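Participant: Sequence and predicted structure, then a few things I'm wondering about:
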Amino acid sequence: MSDYNMMEMMICAASRELEDGSTVGVGTGAPCAAAMLAQKLHSPNLIIIFEAGGSSPLIPEMPISVGDSRTTWKAISASGMCEVMEMGCRGQIDYTFLGGAEIDMYGNLNSTMIGTDYYKPKVRLPGSGGANDFASFCWRMMVMTPQTTKRFVEKVSYCTTPGWLSGGDSRAKTGLPKGVGPYKILTNMAILDFEPESKRMRVIALNHGYSFRDVQENCGFELLQAKKLTENHPPTKEELRILREEIDPFRYVIGR
Amino acid sequence: MDVIEQGVGELFMDPDADKARAAFRQKSRKWENKVMSVKEAVERFVHDGEYLAFGGFGCNRIPAAAAHEIVRQGKKNMGFAGNTSTIDFEILCAGEVFNRCDVAYVIALEARGLSPMARRYMESGKVKICEWTNYSLAVRFKAASAGVSFYPARDMMGTDSFKYSAAKMIECPFTGTNYVLLPALYPDVAVIHVHEADIYGNSRIRGITMSDYDIARASKRVIITCERLISTDEIRNKPNETIIPFWCVDAVCEVPYGSYPGNMAGEYYSDELHIKEWLRVEKEGGKDPEVLKKFLDEQIFSCEDHFEYIQKNGGMAKMQALRQKELLLNGAK
C-alpha cells in the first residue's frame, strides 16, 4: 500500500518537468497544482499563465476558474484572451498542460463530443476552450490523464485539439507553428513521449509498481517502448507535504 | 488568395465591415445620461431573434443580473457567443433564450463540473452549433472591433475544431504559410458588467479584461452594468483606466453585486455553495422537472430584481462574507 494516490503521483511527475524560468500555460485543477508545486519547490521563477489574462501571479490558494481573481493575485499583469494567446503564438510560452475525455496514439485530444455523429452526439462536452489554441502555440504540450482504455483510444471521436494529427510530418504540413507539438503524457502508471519519426506514443518511464504490460493493458492502441525504460521515482515527502499542506489543503484536486 | 479549405459550420452573423460601419455611424455621440434600470435596458435594447454577447469569463465578472432579467422577460430565438460562458450560459439555458450558439466552451463550470441543465439543452436538438475555440472567438471580436471582416490566426488547423467551424484557410501571400481566417463577429447587443462607470458609460474594469475591450467595440448596442457609478471627473483624472468609452455604450445600470453568484475581482468571491446548489437541483431536475421548475421560479422568475435574488440567498451578510473571502481577510477561506 503506497502512501500517495494516483493524482498526487501525476501532479508530482508533472511538476518536475517545469524548469526554473520557463513559462507555462495552465488551466485549473491538476495542471495548476503541478505548476504551483514546481514554483514552491524547485522553480521559484516559473511564470504561470492563465488564458483569461492572469499572468505570473503568486497564487494564494487553488483557483476554481481560469479567470477567477486568484489567477491575478499579485500578478505582474491582468490582461485578456488575445494578449495571452498572442504571447503563445509569438513563441513565448514553453509548456502547456491539457486534458480531455479521449487521447489517441498521436496525442490528439477530444473534449467536444462522444459518439459517431457530430450532429447527434451521445454526449456533448464543453468544447475546446483554450485547449486547441494552447496546443497550437505552446512549444511543448503535456497531458495529465489516468491510464485507462476508455481514455486512450485508437481514434478520438472528435479531434478538438491537435497532437501530431496523423503522425509523421502531417502536423508540420497544416500551417500550425513549426516545432510545436505533444511532448510528454503523464499517467498514473507511466511517462510516455512520442517516437521522433512516426510520432507514435512510446513508454519511456514506469511509475513505481507498474510494468509495461500494465500500461499496454490499459491502453486502446499498441504502444511503442523505449529501448531502456527508466523508473519514475514516487512523490518525495517534501513534494507531498507542500502539495497537501500548502497547495490543496481541502483536497479539491488530490482528493479526486 | 484562394481558399484551400473551409469549415462546414454555419456563420450566424454577417461579417461585412461596411454594413457594420453604417450601423456604427448611426450610434449616438451625445453626452446623454444613460442611467436606467436593468429591466428598462433589457426591454429597450435586447430583442428576440438577435445575437447576444456577454462580457466576463467563466463565473467571473459576468452580467448575472442582466442574464436573469433576459430570462424573466422571456427573450427567445437569440444567437449567443459561448466564449467560456459558464454560469451565465446556465442561466440563459434555464430560459431557453437562444437557439444558435457559437461554441468555444460551454456546459461545464470549469473545476465545478458539468451543468446537467445546460447539457440537456445542448443535446436536445433545439440549438444550432458552430464550433470555435476561446482564442478564435476572441479574434472574431477583435476583427469586428478593428472594423474589418476577418483576422488571420494560426490555431485550429488540422482539427475537427476547424472542420465544424465557419473559418477558412488560405496561403499567406507573403510567406506561403497556411493561415486560418476568422470572420468578424458583430453582435447585435452585448452586456458587460464592470467595476465602475459614469452616467454616460465610460467604464473601468479591474482584474482580467478577457475580450471585453473588443466586445464593447464590436457590438451594435452595449448595456453596461456596474458595481458603482462614479463621476466623469474621476474618469477624466485617470483616462488610462477607461476600458470602454461612452460612445460605445447605450445603457448604464448600477447593480452592486451584479456578478453574483460569480466572482468580481477585488470585490467579492464566487458563492460556491449556491452554485453547487444549482447544480444539485439541475441534476434532480433530470428525473423530476417540477423540482427544477420550482427552484427557477423562486430564484429567477418570481424575483423583482437582483436585490431580491441576493436577499433570498443570504443578503448583505452573505455579501460581506464573500468580500472577506475575496480579499483573503479575517482568515476567510
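Facilitator: Thanks, I have it. It should be emphasised that the depicted structure is a prediction, and the values quoted were computed from it without experimental measurement.

Participant: where are the low-confidence patches of the stretch 201-333 of chain B?
Facilitator: B:331-333 (pLDDT under 70).

Participant: just to confirm, which helix or strand has residue 142 in it?
Facilitator: Defaulting to chain A. Following DSSP states H and E, one finds residue A:142 within strand A:140-144.

Participant: wrong chain, I was asking about chain B
Facilitator: Per DSSP H and E: helix B:134-145 holds residue B:142.

Participant: Quick check: pLDDT value at the residue in the stretch 101-250 of chain A positioned nearest to chain B.
Facilitator: Here the stretch 101-250 of chain A gets closest to chain B at one residue, residue A:175, 2.6 Å apart by C-beta to the nearest C-beta. (C-beta placed from N, C-alpha, C; glycine too.) On the pLDDT scale, residue A:175 is placed at 94.

Participant: what's the closest non-adjacent residue to it?
Facilitator: residue B:178 (2.6 Å; C-beta to C-beta, 6 or more residues apart in numbering or on different chains).

Participant: ok, now which ones touch the residue of chain B found nearest chain A?
Facilitator: For chain B and chain A, the shortest gap (C-beta to the nearest C-beta) falls at residue B:178, measuring 2.6 Å. Residues in contact with residue B:178 (C-beta atoms under 8 Å, 6 or more residues apart in numbering or on different chains) are A:174, A:175, B:4, B:157, B:169, B:170, B:171, B:172.

Participant: The stretch 151-300 of chain B: strands as residue ranges?
Facilitator: Using DSSP state E, counting those that start in this stretch, the strands of the stretch 151-300 of chain B run over B:168-171, B:178-183, B:189-197, B:203-204, B:221-229, B:251-254.

Participant: can you redo those strands as CSV with distance to residue A:236?
Facilitator: As requested, the strands of the stretch 151-300 of chain B are arranged in CSV below (distance: least, C-beta to C-beta, whole Å):
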stretch, distance to residue A:236
strand B:168-171, 47
strand B:178-183, 44
strand B:189-197, 43
strand B:203-204, 46
strand B:221-229, 45
strand B:251-254, 53
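
Participant: Now do the contacts for residue 210.
Facilitator: Just so you know, I chose chain A. With C-beta under 8 Å, 6+ apart, residue A:210 has these contacts: A:189, A:190.

Participant: oops, I was thinking of chain B
Facilitator: A:52, A:53, A:67, A:80, A:81, B:55, B:56, B:57, B:61, B:83, B:138 are the contacts of residue B:210 under C-beta under 8 Å, 6+ apart.

Participant: go with 7 Å
Facilitator: Residue B:210 is in contact with A:52, A:53, A:67, A:80, A:81, B:55, B:56, B:57, counting by C-beta atoms under 7 Å, 6 or more residues apart in numbering or on different chains.

Participant: Reformat those into JSON lines and put secondary structure and pLDDT next to each item.
Facilitator: Below are the contacts of residue B:210 laid out as JSON lines (DSSP: H, G, I helix; E, B strand; the rest coil; pLDDT from 0 to 100):
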{"residue": "A:52", "secondary structure": "coil", "pLDDT": "96"}
{"residue": "A:53", "secondary structure": "coil", "pLDDT": "97"}
{"residue": "A:67", "secondary structure": "coil", "pLDDT": "95"}
{"residue": "A:80", "secondary structure": "coil", "pLDDT": "97"}
{"residue": "A:81", "secondary structure": "helix", "pLDDT": "98"}
{"residue": "B:55", "secondary structure": "coil", "pLDDT": "98"}
{"residue": "B:56", "secondary structure": "coil", "pLDDT": "97"}
{"residue": "B:57", "secondary structure": "strand", "pLDDT": "96"}
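
Participant: Show me the helices in the chain, by range?
Facilitator: Unless you meant another one, I'm taking chain A. A:6-15, A:30-41, A:81-90, A:131-137, A:170-174, A:212-217, A:237-241 (DSSP state H).

Participant: wait, chain B
Facilitator: Going by DSSP H, chain B shows helices at B:17-26, B:38-45, B:64-72, B:87-94, B:116-123, B:134-145, B:160-163, B:212-218, B:232-237, B:272-287, B:289-296, B:306-312, B:315-326.

Participant: Among the strands of the stretch 151-300 of chain B, show me which one is buried the most.
Facilitator: strand B:189-197 (a mean of 28; mean count of other C-beta atoms under 10 Å in any protein chain shown).

Participant: The helix holding residue B:142 vs helix A:81-90, what angle?
Facilitator: With axes from the mean of the first three to the mean of the last three C-alpha atoms, to 10 degrees as the basis, helix B:134-145 and helix A:81-90 are set at 110 degrees to each other.

Participant: quick one: helix B:134-145 near chain A?
Facilitator: Yes: judged by C-beta under 7 Å from any C-beta of the partner chain, helix B:134-145 comes into contact with chain A through B:134, B:135, B:138, B:139, B:142.

Participant: and the fourth one, what does it touch?
Facilitator: Which is residue B:139. Counting by C-beta under 7 Å, 6+ apart, residue B:139 has contacts A:82, B:151, B:153, B:182.

Participant: Go through those residues and say which is closest to residue A:184.
Facilitator: When the contacts of residue B:139 are ranked by distance to residue A:184 (C-beta to C-beta), residue B:153 comes first, at 26.4 Å.

Participant: residues in contact with that closest one?
Facilitator: B:135, B:136, B:139, B:179, B:180, B:182.

Participant: Do you know the pLDDT at it?
Facilitator: pLDDT recorded at residue B:153 is 98.

Participant: bridging residues for it?
Facilitator: Per DSSP bridges, the residues bridged to residue B:153 are residue B:180.

Participant: Check residue B:204 too.
Facilitator: Bridge pairing for residue B:204 - DSSP bridges - gives residue B:196.

Participant: same question, residue A:102
Facilitator: residue A:110.

Participant: ok, it - how many residues close by?
Facilitator: 24 (other C-beta atoms under 10 Å in any protein chain shown).

Participant: same question, the one 10 residues further on
Facilitator: Each residue near residue A:112 was counted by other C-beta under 10 Å, and the total is 31.

Participant: just the strands in chain A please.
Facilitator: A:23-26, A:47-50, A:54-55, A:77-78, A:95-98, A:102-103, A:109-110, A:113-114, A:123-124, A:140-144, A:181-186, A:190-194, A:201-207, A:224-232 (DSSP state E).

Participant: Same list (those strands) but as TSV, adding mean pLDDT.
Facilitator: Listed next are the strands of chain A as TSV, based on pLDDT from 0 to 100:
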stretch	mean pLDDT
strand A:23-26	97
strand A:47-50	97
strand A:54-55	96
strand A:77-78	96
strand A:95-98	97
strand A:102-103	98
strand A:109-110	98
strand A:113-114	96
strand A:123-124	94
strand A:140-144	97
strand A:181-186	98
strand A:190-194	98
strand A:201-207	98
strand A:224-232	96
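
Participant: check contacts around residue A:59.
Facilitator: By C-beta under 7 Å, 6+ apart, the contact set of residue A:59 is A:36, A:70, A:73.

Participant: now residue A:8
Facilitator: Counting by C-beta under 7 Å, 6+ apart, residue A:8 has contacts A:235, A:240, A:243, A:254.

Participant: Kindly report the same for residue B:224.
Facilitator: B:192, B:194, B:197, B:201, B:203, B:244, B:249, B:251, B:252.

Participant: mind redoing it with 8 Å?
Facilitator: Counted by C-beta under 8 Å, 6+ apart, residue B:224 has contacts B:191, B:192, B:193, B:194, B:197, B:201, B:203, B:244, B:249, B:251, B:252, B:253.

Participant: Next: residue B:44.
Facilitator: Residue B:44 neighbours (C-beta under 8 Å, 6+ apart): B:36, B:250, B:251.

Participant: Make a markdown table out of the residues you listed and add distance to chain A.
Facilitator: Listed next are the contacts of residue B:44 as a markdown table, based on distance: C-beta to the nearest C-beta, whole Å:
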| residue | distance to chain A |
| --- | --- |
| B:36 | 28 |
| B:250 | 22 |
| B:251 | 23 |
